[in-house]
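> Structure for this input, please:
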Amino acid sequence: MVTLEPASTALVLVDLMPRIIDLPLGPRSGTETLDAACALAERFRAGGASVVAVRTERPNVVEQPPGSELHQRVAALADAVVVKGTIGGFHHTYLHELLQGRDVSTLVLAGIATNMGVESTARAASDHDYELVFVEDAMTALTTAEHQAAITLNLPRFGQVTSSPELTLRVAATPS
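Numbering: from 1, shown residues only. So this is what the prediction gives:
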């Protein structure tokens, strides 16, 4: 069981955009990943933790491809949105400043693709000294093999890999 302090924790949802959700993915579909990520976001918001959505925009193009906006469910649950022009969520964005402004020290990561946007964001987060937790059942990749390699070989080097049922937020004690 992983128990986190909501005041110092943020859920970071990576690239949950229609054009990515609709790709053939594995080990779970984009829709299954979206559902799991949104359920997490609802839990985090109810528990008092921040929810940050990160999405990609292709640099140097006049118009973004259709489906480049955040999925409407994610947009409705996000406390903040960060737009990135690279694979990871930190390079040339205000993500670190946003998190520091909220006194966040722990990031819980989910989204698409496990071995690309999620892992790249995690590597930079580790460089910024964040504690990291990865929610395996709220991530997917272009292939099951890529997802499995990330969750078994790479991500454990940066933080803890867990599942949604194993993740809880500490409930603040009520004064008596």
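> contacts, neighbours, all on C-alpha from now
Fine.
> what about the strands in the protein?
In the chain, the strands defined using DSSP state E lie at 2-4, 9-14, 50-56, 80-84, 106-112, 131-140, 160-162, 167-169.
> what comes into contact with the third one?
Contacts of strand 50-56 from elsewhere in the structure, counted by C-alpha atoms under 8 Å, 6 or more residues apart in numbering, are 6-7, 9-17, 41, 44-45, 68-70, 74-75, 77-87, 89.
> from the chain's centre, how far out does that strand sit?
The chain centroid and the centroid of strand 50-56 are separated by 7 Å, computed with C-alpha atoms, centre = their mean, to the nearest Å.
> Quick check: the gap between A37 and V51.
Applying C-alpha to C-alpha, to the nearest Å, the value for A37 to V51 is 11 Å.
> picking that back up, filter the contacts of strand 50-56 down to the buried ones and hand me the ChimeraX line.
Restricted to buried positions by 16 or more other C-alpha atoms under 10 Å, the ChimeraX selection for the contacts of strand 50-56 reads:
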select :6,7,9,10,11,12,13,14,15,16,17,41,44,45,68,69,70,74,75,77,78,81,82,83,84,85,86,87,89
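> what stretches of this structure score poorly on pLDDT?
172-176 (pLDDT under 70).
> Pull the residues that contact the helix ranked longest in it.
Looking across the chain with DSSP state H, the single longest helix is helix 30-47. By C-alpha under 8 Å, 6+ apart, the list of residues contacting helix 30-47 from outside reads 6, 10-11, 13, 16, 20-24, 50-51, 73-74, 77-78, 110-112, 137-140, 164, 169-171.
> how far is that helix from where the chain is centred?
10 Å.
> just to revisit the earlier point, ok, A37 and V51, which is more surrounded?
Shown here are A37 and V51; by other C-alpha atoms under 10 Å, A37 has more neighbours (27 against 24).
> circling back to that earlier point, out of the strands of the chain, which is closest to R28?
strand 131-140 (6.0 Å; C-alpha to C-alpha).
> Parallel or antiparallel, which strands does that closest one pair with?
For strand 131-140, the pairing partners within the sheet under DSSP bridges are strand 106-112 (parallel), strand 160-162 (parallel).
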